[in-house]
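Engineer: I would like to see how this sequence folds:
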Amino acid sequence: MANDDSGANHGDTPQDGYLSRHMLSTDHKTIGLNYLWLALFSVFLGMVMSLLMRIHLVWPGMHLPLLSSLGDSPDRFVALTTLHGSLMVFLVLTAAPQAGFGNYFLPLQIGAREMAFPTLNLLAFWATVASLLGLTTTFLIPSHPAITLWIVSVAIFCAASLCNALNFSVTTIDLRAQGMTLPRLPVTVWAWFINAILGMLIFSILLAACVCLLSDRLLDTHFFPVMNFVANQRAGAIANAVAVLWQRLFWFFAQAEVYVAMLPCFGLVTHLISTFSRKPVWKERLVVLALCGVGVFGFCVWGQHMFSSGMNPFSPLVFSLLASSLGLPATILLLSWFGTLWDARVQLNTAMLFALGFISLFLSGGLSGIFLARHDLAAAAVSDDFITGHFHLVMGVAATFAILGALFFWFPKLFGRRLNESLGKIHFWLTFAGVYCVFMPMHWLGLIAHSRVSSVSVLASIAAAGSAIRNFITVAILLTVFAQGLFLINFLWSVFRGEKVAECNPWRATTLEWSVTSPPADDFGATDPVVYRGAYEFSVPDVAEDFVPQHLAPEQVVKARESGE
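Structural biologist: Sure, this is the predicted structure:
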């Protein structure tokens, strides 16, 4: 657990010029903040695309300005859907909670002065920027070169994520401060660490698959030849074939990617629940084991999306059992959150509201996941509204709530100012109501689509109900997207004009990042921090305040007890 001084804090040597201070700096805080800005840009771009898709779905005859100028053809809408998904999955749900908050706060929370490989960290960030540029360019060029560019961009993002995963793993293992044993690590650090291990396994597979696919397209190799395609037996047409080898490699990554997005959010929500309940994490070690279980089971259920592609007849049973087994660690996490909230002195600020909203959305979306663990429903419901509602509730919206909660929590540490609480609460309630109005009716649309009714009159009434539900969803999406304008106003105003935070620890939290200045100028100064206790020492009896920070020496705790008496 030696602390690395070789890559010592780069804030100690002032650098001149905006480019060297913000664009080329290897300081982990600068890189983490740049990832967050990148994710902020990507999430608003992705929301605009979702709005365009929804308007076209309900009013297909409407000529949308952007799409009309690019050629109002079906491949434009396919590209729009692909780009929306790529931005939200890669540049928001993967980059923000792991690369953004992780880069900024993991060294601070373990008492390190820098990431293990600062230069590699900077290289990974600029590779991510290049991936974003490539993904957005695919929407503006013809379809055949766009597909090639999309594959290249995804491969670059995979390489950047591999670099980040390696960096996170080595930093957590090797650069912990004195006294920071594994049981004393915050749950956030455990989540980032387990996520990094999972990322190394799955991003390497997708990178190799992308390289093979590019070789087939550019070098006429045969990694995915036509002979390996499995045709639809009833149609007997090769046009309905699927590349099973590619599908296996892709879903080996894509199913686990759900948990790459969710694992850091589990850590963030657990951290927020404990801090604002003023109680230790209930069964903390069991929570860490549950996070490990999510990583292991999430890695093993890649075949769940291939039930209709000619797999071995016993495979659906195996993957259904593995998918159902994810309910055990999820239940442990839910019990821990509820156990921490039980009989607690809850502080209902905006960060805590978003954490509670995450729990609600995760529970609601997870219930529909139980039905999708059945191989017959999963095979029949591929790509319909039921699936869309499920994964948006669990992976998309729930993870976004965790990110927003963490942003409200750490905003004073990032910028030395507070986000406006009143605007934040209005934004929360509008968004919370909006996403339920959007994605819960999608489950109903999916069930309607699979209803087996032969009566003409009943079919007509079902079709009318489906049309009304789609219109309702579209209106809800419009209101939800416009509600995000409140957050954008709050964020930008608070960055430049928000209330300044004079103290280092406004939330009375216990972890090491709150022992340094806001924002951190030189991390821990001249002396390395020493850790004396666990990360969630709340409601400690016989002390002046209801918490004891990790860095507070035992003799200082005694003095606090005496002053409390």
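
Engineer: The nearest residue in space to residue 93 that is not next to it in sequence: what secondary structure?
Structural biologist: Using C-beta to C-beta, 6 or more residues apart in numbering and skipping residues adjacent in sequence, the residue nearest residue 93 is residue 261, 3.8 Å away. In this view, the C-beta of every residue, glycine as well, is placed from N, C-alpha and C. Classification of residue 261 by DSSP: H, G, I helix; E, B strand; the rest coil places it in helix.

Engineer: From residue 255, how far off is residue 261?
Structural biologist: Separation of residue 261 from residue 255 (C-beta to C-beta, to the nearest Å) stands at 12 Å.

Engineer: quick one, which of these two is more surrounded?
Structural biologist: Set side by side, residue 261 and residue 255 show more neighbours around residue 261, with 28 against 21, by other C-beta atoms under 10 Å.

Engineer: rewinding a little: doesn't residue 89 make contact with the residue nearest to residue 93?
Structural biologist: Yes. Using C-beta atoms under 8 Å, residue 261 is in contact with residue 89, at 7.2 Å.

Engineer: quick one: the helices in the stretch 301-450 of the chain?
Structural biologist: Remark: helices assigned in the stretch 301-450 of the chain by DSSP state H, counting those that start in this stretch are 315-325, 327-341, 350-372, 375-380, 385-391, 398-415, 421-449.

Engineer: Which of the ones you listed comes out lowest on mean pLDDT?
Structural biologist: Among those, helix 375-380 carries the lowest mean pLDDT, at a mean of 50.

Engineer: Quick check: buried residues in stretch 178-194?
Structural biologist: Buried residues in stretch 178-194, counting neighbours by 16 or more other C-beta atoms under 10 Å, are found at 180, 184-194.

Engineer: what's the first-to-last distance across that stretch?
Structural biologist: With C-alpha to C-alpha, to the nearest Å applied, stretch 178-194 spans 22 Å between its terminal residues.

Engineer: packing partners for the longest helix along the chain?
Structural biologist: Of all the elements of type helix in the chain, the one with the most residues (DSSP state H) is helix 456-497. Helix 456-497 is packed against helix 28-58, helix 398-415, helix 421-449, with contacts defined by 3 or more C-beta pairs under 8 Å, 6 or more residues apart in numbering; DSSP states H and E.

Engineer: Quick one: closest of those to residue 554.
Structural biologist: Closest of the helices and strands packed on helix 456-497 to residue 554 is helix 398-415, at 26.1 Å (criterion: C-beta to C-beta).

Engineer: Can you list the helices and strands that that closest one packs against?
Structural biologist: helix 28-58, helix 101-110, helix 244-277, helix 350-372, helix 421-449, helix 456-497.

Engineer: what about these, which gets the closest to residue 404?
Structural biologist: Taking C-beta to C-beta, helix 350-372 is the member of the helices and strands packed on helix 398-415 nearest to residue 404, at 4.8 Å.

Engineer: what's near enough to touch the nearest residue to residue 509 once chain neighbours are set aside?
Structural biologist: In space, and not counting its chain neighbours, residue 509 is closest to residue 275: 5.2 Å by C-beta to C-beta, 6+ apart. For residue 275, the contact set (C-beta atoms under 8 Å, 6 or more residues apart in numbering) comprises 409, 507, 509-510, 538.

Engineer: farthest pair in those residues?
Structural biologist: Maximum pairwise distance among the contacts of residue 275 (C-beta to C-beta): 15.1 Å, between 409 and 538.

Engineer: Alright, calling it a day.
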